[in-house]
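K.L.:
Kindly return the folded structure for what I paste below:
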Amino acid sequence: MKSFVIAATQSGSGKTIITLAFLATFMKKGYKTQPFKVGPDFIDPGHHKKITGRDSINLDSWMLTPEQNKTLFQSYSNKDCDIAVIEGVMGLFDGMSRGSSTADIAKILDLPALLIIDASSMAESVGAIFNGFLRYDDKIKIKWVLFNKVSSEKHKKLILKGMERIKGNFNVLGFLPRNTDLQIPHRHLGLFTSDETDYDVAFKEKLAVFLDNNIDIDRFVETIPQISTENNLNYKTEDKKDKICRIGVARDRAFCFYYPDNIRLLEEMGAKIVYFSPVYDTELPYDIHGLYFGGGYPELYAEQLSKNSVMIKKIRELSQNKIPIYAECGGLMYLSRYIYINNDEKYEMPGIIPVNVRMLEKRKALGYREVELQNDCILGEKGLRARGHEFHYSEIMEQEGANNLYLLYSDLISDNANLNPRKEGFMSDNIAASYAHIHFLSQPLFAKNFVEACMKFLKTKPY
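P.N.:
Residues are numbered from 1 along each chain as shown. Got it, this is the predicted structure:
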């Protein structure tokens with residue numbers, strides 16, 4: 001098997017589109033391709049899956065241990081894979097001091113990196129920038145450099161002139177022109193999701209042709225070093241043959257942020273996952289024993305969610321019957337009383353969490369979080385800790401009636417890390433909800449305890 005990391009000097013360099021172009025090109029040429037994403041991102045992995053048909057797996061040196069990252073990488077890459085492609089996050093070294101960086105993962109996995117440089121506002125200066133990245137950390141193997149947004153042959157020659165003075169074992173892979181046809185639009189949480197992007201055959205072909213016309217792909221594949229797949233690392237345990245409970249997972253355009261390994265862990269603990277749409281469905285899945293609401297964009301579909309009164313009624317009834325419910329970020333918003341979009345625009349939600357939520361024009365929170373359960377709940381006993389990430393533009397307006405807040409947040413990004421932990425979220429005897437997207441691998445007991453709560457409900461359910 002072969003593998004490499006796609007890195008960049010900074011965010012906005014074109015890393016995601018170029019990653020998609022590599023994936024599309026490899027697939028077109030018949031390579032079985034496994035994608036990965038560095039960091040807690042949900043959106044880019046969705047785009048990867050639309051190209052390859054495989055779940056893109058998050059690798060993260062802060063939420064997960066080095067051994068977990070190695071095991072995940074080798075376990076998923078061993079699944080009939082020719083090339084594993086890892087898309088980085090932000091700039092190559094960004095996040096090294098307080099989070100997960102692309103450089104961290106490249107070192108943990110001992111993989112070479114392809115560095116993308118946005119050359120749109122530079123010429124010979126690219127040489128100085130590349131030289132700095134090449135020498136910054138001698139444990140990072142930058143094997144290729146790819147220049148993006150190159151305007152002309154003259155621009156290309158100036159870039160090459162700037163590279164003449166750089167000594168090292170690397171290859172100038174190529175020069176990509178600006179291509180507005182391959183852009184994916186943005187919104188407040190990042191790129192539009194893969195469900196909102198047209199991935200027809202023509203678009204995939206455009207991606208592949210764009211790269212193939214500007215890079216010698218076959219020669220590039222030859223230069224990617226092979227890595228051994230002979231190992232005993234396989235993170236996946238044997239699924240329990242008899243699924244002991246059924247968990248309904250909200251999944252549609254409003255709820256689409258889930259770590260694949262969260263779903264996998266629930267399955268391995270004995271859960272049968274059944275998906276449903278709070279936006280479009282009027283019936284919950286038959287005979288379910290738990291509900292999981294992930295993050296996403298409930299604010300964009302607030303009117304449709306509010307008008308789906310049949311779904312709202314059924315969720316309320318199940319909550320009253322004490323079905324276990326776990327919700328993250330957008331899921332918390334949906335389970336609130338009202339979502340306020342503007343001062344004069346509000347939408348009624350199921351109201352099983354006694355708070356109101358409002359959208360803000362500016363970002364409310366962003367960063368890695370360590371959380372600690374403040375009381376016993378469906379995720380575990382008081383004091384149990386896990387790691388995750390928080391990113392949202394909404395806030396809880398008030399906590400009336402929601403005094404048993406269940407998570408103690410430690411903001412591990414700010415300079416005041418751990419000095420001013422805050423309590424936020426909601427818990428009751430059957431509900432756990434917060435803004436944090438928890439990675440269950442950082443605390444597998446969260447998944448185990450949730451499944452056990454669902455199993456208990458199965459045995460005592462009143463319907």
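
K.L.:
The lengthiest helix in the chain - contacts with which helices or strands?
P.N.:
Determined from DSSP state H, the single longest helix within the chain is helix 444-460. Here helix 444-460 touches strand 245-250, helix 260-268, strand 290-293, going by 3 or more C-beta pairs under 8 Å, 6 or more residues apart in numbering; DSSP states H and E. From N, CA and C alone the C-beta is placed, and that goes for glycine too.

K.L.:
If we use 10 Å, what do you get?
P.N.:
Secondary-structure packing of helix 444-460 (3 or more C-beta pairs under 10 Å, 6 or more residues apart in numbering; DSSP states H and E): strand 245-250, helix 260-268, strand 271-276, strand 290-293, strand 325-328, strand 365-373, strand 385-392, strand 431-434.

K.L.:
List every C-alpha atom in it, with coordinates, as CSV.
P.N.:
Below are the C-alpha coordinates for helix 444-460, written out as CSV (Å, rounded to 0.1, in the frame of the first residue of the first chain):
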residue,chain,number,x,y,z
PRO,A,444,-15.3,4.3,25.0
LEU,A,445,-17.4,4.0,28.2
PHE,A,446,-19.6,6.8,26.8
ALA,A,447,-20.7,4.5,24.0
LYS,A,448,-20.9,1.4,26.2
ASN,A,449,-23.0,3.2,28.9
PHE,A,450,-25.3,4.7,26.3
VAL,A,451,-26.0,1.3,24.7
GLU,A,452,-26.5,-0.2,28.2
ALA,A,453,-29.0,2.5,29.0
CYS,A,454,-30.8,1.7,25.7
MET,A,455,-30.8,-2.0,26.6
LYS,A,456,-32.3,-1.2,30.0
PHE,A,457,-35.0,0.8,28.3
LEU,A,458,-35.7,-2.1,26.0
LYS,A,459,-36.4,-4.3,28.9
THR,A,460,-38.7,-1.9,30.7
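
K.L.:
Quick check: mean pLDDT of that helix?
P.N.:
For helix 444-460, mean pLDDT is 95.

K.L.:
any low-confidence regions in this structure?
P.N.:
79, 97-98, 180, 182-191, 193-199, 229-243, 398-421, 462-463 (pLDDT under 70).

K.L.:
which stretches of it form helices?
P.N.:
Under DSSP H, the chain gives helices at 15-28, 43-52, 66-77, 102-109, 125-136, 153-163, 201-212, 217-223, 260-268, 302-307, 309-320, 330-335, 444-460.

K.L.:
out of those, nearest to Ala436?
P.N.:
helix 330-335 (9.5 Å; C-beta to C-beta).

K.L.:
about what we covered before: got the angle for the longest helix of the chain vs helix 260-268?
P.N.:
On the basis of axes from the mean of the first three to the mean of the last three C-alpha atoms, to 10 degrees, helix 444-460 is oriented at 40 degrees to helix 260-268.

K.L.:
Buried residues of helix 444-460, list them for me.
P.N.:
446-458 (16 or more other C-beta atoms under 10 Å).

K.L.:
quick one on the thing from earlier: quick one, which of the helices of the chain gets closest to Asp344.
P.N.:
Per C-beta to C-beta, nearest to Asp344 of those: helix 302-307, 13.7 Å.
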